[in-house]
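# 3D model of this:
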Amino acid sequence: MSTNKSQCGISLIELILFIVIVSAALAGLLSVMNVNTRSSVDPLIQKQALAIAESLLEEIELQDFSNPAGGFSGAAIQANRASFDDVMDYNNFATTGIFPADGSTTGVTGLANYNVSVAVTTIAWVAGAADAVQITVTVTDPSGQSIQAVGYRVNY
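Sure thing, here's the model as predicted:
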């Protein structure tokens, strides 16, 4: 008479192979998550720099075009920005940290490590006439990457 013994449970070798396979898969998954977590702040920093650049560019473009050949007579620091009255006053404007447009010397909280510089160059679309300017706002974020926003202002 033959007896049929059914197999119950798993062997030690099967258990060890299962642990090795699951450990390898888990290590690969965690390494991908580590890379994503480490660089998840970068887009926020870049978006903040872009928002700063676009904000300052819009502020400049909304100024009068009254003095295309001149510039601001004082030092271009954040305290003088409240007295800028035309587009060319912003030429060579540079600051470390972000300050309100009202001339306040108290920087915006959390933005002290951003650097801003502005270049305003005259463009003669009609020969010999200074009827437009190109405005380039460059913002350097705390990680050292630069973002530029370029706009144009026409004397109309």
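
# isn't Val118 right up against Met88?
No - at 10.5 Å, Val118 and Met88 do not qualify as touching, with contact defined as C-beta atoms under 8 Å. Quick note: C-beta positions are derived from backbone N, CA and C, even for glycine.

# The two - which one has more neighbours?
Met88 (26 against 22; other C-beta atoms under 10 Å).

# Surely that one is within a strand?
No - Met88 is assigned helix when assessed by DSSP: H, G, I helix; E, B strand; the rest coil, not a strand.

# mind checking how far it is from Glu54?
Using C-beta to C-beta, to the nearest Å, Met88 is found at 20 Å from Glu54.

# Quickly list the domain ranges of the chain.
Domain ranges of the chain: 10-40, 42-154, per automatic domain parsing.

# Let me see the mean pLDDT of the first one.
Along domain 10-40, the predicted local confidence has a mean pLDDT of 87.

# Next: stretch 146-156.
88.

# Using CSV, write out every CA atom in it.
The C-alpha trace of stretch 146-156 is given here as CSV (Å, rounded to 0.1, in the frame of the first residue of the first chain):
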residue,chain,number,x,y,z
SER,A,146,20.2,81.9,-13.1
ILE,A,147,16.9,82.6,-14.7
GLN,A,148,16.3,85.4,-17.2
ALA,A,149,13.1,87.2,-18.1
VAL,A,150,13.3,89.4,-21.2
GLY,A,151,10.8,91.9,-22.2
TYR,A,152,10.5,95.0,-24.5
ARG,A,153,9.1,98.4,-23.9
VAL,A,154,8.1,100.7,-26.8
ASN,A,155,7.7,104.4,-26.7
TYR,A,156,4.1,104.8,-27.8
